[in-house]
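In: sequence plus predicted model, see below.
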Amino acid sequence: MVPVGVEAYRRHRRRLVERLAAAGIEDLAVLHAFDEVPRHLFVPEAVAHRAYEDVALPLGHGQTISRPRVHAFHLQLARLAGEERVLEVGTGSGFQTALLARLVREVCSIEVVAELANAARNRLEALGIGNVHLRIGDGSTGWPDRAPFDAIFVGAAAPDVPEALRRQLAPDGRLLVPVGDTGSQRLLLITADGEGWSEREVDDARFVPLVGEEGW
Ligand code: SAH
């Protein structure tokens, strides 16, 4: 028997997917991932009833989970085909990690707040998600032992593009990073072309600060 509440959540999730599609998300794999990952299990219980609204929610420890539209837009921008190895800086709740785990071959994710990292690990394990490596520590300098990466997602705002992350991109690798101060940030899409990098501003952004060696 399906436990009480699961069907209701599934319906809410379907409506969120329709809203994301209406907002311009066209990547079917991204929409499908949103249809499959139970966002209500990644937010504190007190706000779980709002998990399928297109809003950012508090995670505790002064951190927030981005609104679904932002995660969807970032994932779409990375043009993932399914075979990639990606790095995520700022695991947070683990929600985007779970989406990525469905969209690529291997996910490496680093979170600096141990309590958040441990909670994310428990959630991912409970969902049987196995293609994820989690590490507690400063992700602003990347994960050299597991580099290069086909895509790198930074979920917190850096003062400048972290050089170490740029250097850990594979040829044609994409780095998405919000850059700017706490007031205003720009989301940059950096693409490695083998010899150098091209940089494009793709959106305004509002993220919590990236701390650490290449952070604030
Ligand atoms: N996308 C996440 C939310 C990220 S919030 C989700 O789906 O829940 C940004 C996260 O980045 C926070 O958890 C914060 O603790 C973490 N963070 C900030 N600086 C970091 C650093 N240098 N290394 C790793 N994680 C960092």
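Out: Perfect, I can see it now.

In: point out where this protein drops to low pLDDT.
Out: 1-4 (pLDDT under 70).

In: the ligand contacts on that one?
Out: 63, 65-66, 89-90, 92-93, 95-96, 110-113, 116, 138-140, 155-156, 208, 210-212, 215 (C-beta under 6 Å from any ligand atom). Where you see a C-beta, it was placed from the backbone N, CA and C, and this is true even at glycine.

In: next, the contact list for the residue nearest the centre of the chain, please.
Out: In the chain, the C-alpha nearest the mean C-alpha coordinate belongs to residue 96, at 3.8 Å (C-alpha atoms, centre = their mean). For residue 96, the contacting residues are 66, 71, 74-75, 88, 153, 155, by C-beta atoms under 8 Å, 6 or more residues apart in numbering.

In: how far off centre is the host helix or strand of it?
Out: Using DSSP states H and E, residue 96 maps to helix 95-103. On the basis of C-alpha atoms, centre = their mean, to the nearest Å, helix 95-103 sits 7 Å off its chain's mean C-alpha point.

In: quick one: the strands in this protein?
Out: Taking DSSP state E as the test, the strands found in the chain are 57-60, 63-65, 85-89, 106-111, 132-136, 149-154, 169-180, 185-192, 197-205.

In: can you give the distance from stretch 163-181 to the centre of its chain?
Out: 14 Å.

In: which other residues reach stretch 158-170?
Out: 87, 89, 140-144, 147-150, 152, 154, 175, 177-181, 188, 190, 192, 197, 199, 210, 213-216.

In: kindly recompute the last result at 6 Å.
Out: In this structure, residues lying in contact with stretch 158-170 by C-beta atoms under 6 Å, 6 or more residues apart in numbering are 140-142, 147-150, 152, 175, 177, 179, 192, 210, 214-216.

In: and stretch 24-40, by the same measure?
Out: By C-beta under 6 Å, 6+ apart, stretch 24-40 touches 9, 17, 48, 51, 72, 75-76, 95, 98-99, 102-103.

In: just put those in a markdown table and tack on distance to residue 168.
Out: Shown next, in a markdown table, are these (distance: C-beta to C-beta, whole Å):
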| residue | distance to residue 168 |
| --- | --- |
| 9 | 37 |
| 17 | 32 |
| 48 | 35 |
| 51 | 32 |
| 72 | 25 |
| 75 | 19 |
| 76 | 22 |
| 95 | 23 |
| 98 | 22 |
| 99 | 21 |
| 102 | 23 |
| 103 | 19 |
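
In: just flag the most distant two among those.
Out: Taking C-beta to C-beta as the measure, those span a maximum distance of 25.8 Å, between 48 and 76.

In: burial count for the closest residue to residue 90 other than its chain neighbours?
Out: Distances taken as C-beta to C-beta, 6 or more residues apart in numbering place residue 155 nearest to residue 90, at 3.5 Å, with adjacent residues excluded. By other C-beta atoms under 10 Å, 27 other residues sit near residue 155.

In: torsion angles phi and psi at residue 155?
Out: Per-residue torsions, residue 155: phi -100, psi 20 (degrees, to the nearest 10).
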